[in-house]
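In: I'll drop the sequence and a predicted model, then ask my questions.
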Amino acid sequence: MSKSCAWDDLIGQTKAVSYLRSAIDTHTVGHAYLFVGPAGAGKKTAAKAFACAMLCEDGGCGACGVCYRIKRGLHPDVQVFEPEGASSYLLREQIRPLINGVHMRPIEGSRKVYIVGQADLMRDDSANAFLKTLEEPPNDVVIIMLAPTLDSVLPTIASRCLVVRFARIPASVAIDLLRSRTAASRIEAQAGLAATGDVLTRAVEFLESSSRRAARERMLGILKDLTALDEFDVLASARELLTLVKAPLEELKEQHVQELLSRQEFMGKAPNKSVEDRQKRELTAREREGVAEILNVTESWLRDCLVMSQGLGDMVVNGDAADAMEEVAAIMTPGAATRALDAVNETRRRISYNVSPQLAIEAMLFDIREVLLCPR
Ligand SMILES: [Zn+2]
């Protein structure tokens, strides 16, 4: 068996990976990169693997403390910036810690790496403030920006970066890759992709987490019975669902305790505020991810019911729930599916504007129930 390596997390992007690895091998790492490619292609995973390859003493072994902390977002010299919520980098405040900190020396290693997500949302104010940094970054700094396409990024930003393209991975290839990574069956792999919005690395985590799969199962059960539920049942179901979504957080909290302990042991340092803040952000991000999975499952189930109603049963992605869909498929119409899918999107929007996930999901279940009771 070959040695483990940070790049192992990256699935199906051999071209981009070999480009980045050769930059490491030939000591020609640039100061600013722009990773472009569709959601789910693995841009952020690649940025972290690249950081591992730069900072790990073993060239990115994927297994040492340095690699581990980079992957978990806990390494002080590797910082990830992403706009919070639905808004963009509206205020330069969101990017200010990067601009202000760029000239400080690395804390542990020889380099500092900044990963800037959703660079396509960077406009005017934030972009102008950032350009100066991007033009003349200090020698020990590598900035990696992520965006869905090259065109979506302001030309003034894009022209200062080395562009690395990430390909869209075809569904059939993604399923095969997932099956080679996990013990999942074909049907399970397909369901995992649907639940995670086709993000391969997340699908791997999803398939390996019994609690996340349990939340999906529960959501499918609620959808199947939705028209038979009274108001009280709907509210109770939403509550139960949110409890399941939060279950994986307990595992994460336990890991955080271990991290703080080992930090004290190895570095003789008590946890400082920045570590605690980062852990708090990680918990929030994981909860958001869990809620997003529930919405993805709902969306894919509604699409499945629609394709089934059109006699295209072999296009169903939630194959394990196909039998239970027949009843809904029998009454589903394109108009009803559209209204129900609108309810899912509205839920995403509400949550991005900080409506509590519980309230948003309750409202969604009532909306979808109404559509299914009166499909038109
Ligand atoms: Zn390592």
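Out: Happy to help now that I have it.
In: ok but Phe366 is inside a helix, no?
Out: Yes: under DSSP: H, G, I helix; E, B strand; the rest coil, Phe366 falls within a helix.
In: do I have it right that it meets Val234?
Out: Yes: using Cβ atoms under 8 Å, Phe366 is in contact with Val234, at 6.1 Å. C-betas here are computed from N, CA, C, even on glycine.
In: break this structure down into its structural domains.
Out: Domain segmentation of the chain under automatic domain parsing yields 6-165, 209-373.
In: starting at the chain centroid, how far to the last one?
Out: For domain 209-373, the distance from its own C-alpha centre to the chain's C-alpha centre is 14 Å (Cα atoms, centre = their mean, to the nearest Å).
In: below-threshold pLDDT in the stretch 201-350 of the chain: ranges please.
Out: Applying pLDDT under 70 to the stretch 201-350 of the chain flags the ranges 263-274.
In: can you map out the helices along the stretch 201-350 of the chain?
Out: 210-225, 231-267, 273-309, 322-331, 334-352 (DSSP state H, counting those that start in this stretch).
In: residues of this structure that sit close to the ion?
Out: By the rule Cβ under 5 Å from the ion, the part of the chain lying against the ion is 56, 58, 61, 64, 67.
In: so can I have JSON lines of the residues you listed showing neighbour count?
Out: Formatted as JSON lines, the residues of the chain next to the ion follow (neighbours: other Cβ atoms under 10 Å):
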{"residue": "Cys56", "neighbour count": "21"}
{"residue": "Asp58", "neighbour count": "15"}
{"residue": "Cys61", "neighbour count": "17"}
{"residue": "Cys64", "neighbour count": "15"}
{"residue": "Cys67", "neighbour count": "25"}
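In: show me which pair in these is furthest apart.
Out: Asp58 and Cys67 (8.3 Å; Cβ to Cβ).
In: which residues sit against stretch 244-262?
Out: Contact with stretch 244-262 is made by 72, 74, 209, 211-212, 214-215, 218, 271, 275, 279, 282-283, 286-287, 290-291, 293-294, 357, as judged by Cβ atoms under 8 Å, 6 or more residues apart in numbering.
In: most proximal residue of the stretch 101-250 of the chain with respect to the ion?
Out: For the stretch 101-250 of the chain, the nearest residue to the ion under the criterion Cβ to the ion is Gly109, separated by 11.2 Å.
In: doesn't Gly65 make contact with that residue?
Out: No: in this structure Gly109 lies outside contact range of Gly65 using Cβ under 8 Å: 11.9 Å.
In: neighbour count for those two, which is higher?
Out: A direct count of neighbours by other Cβ atoms under 10 Å for Gly109 and Gly65 places Gly109 higher, at 19 against 13.
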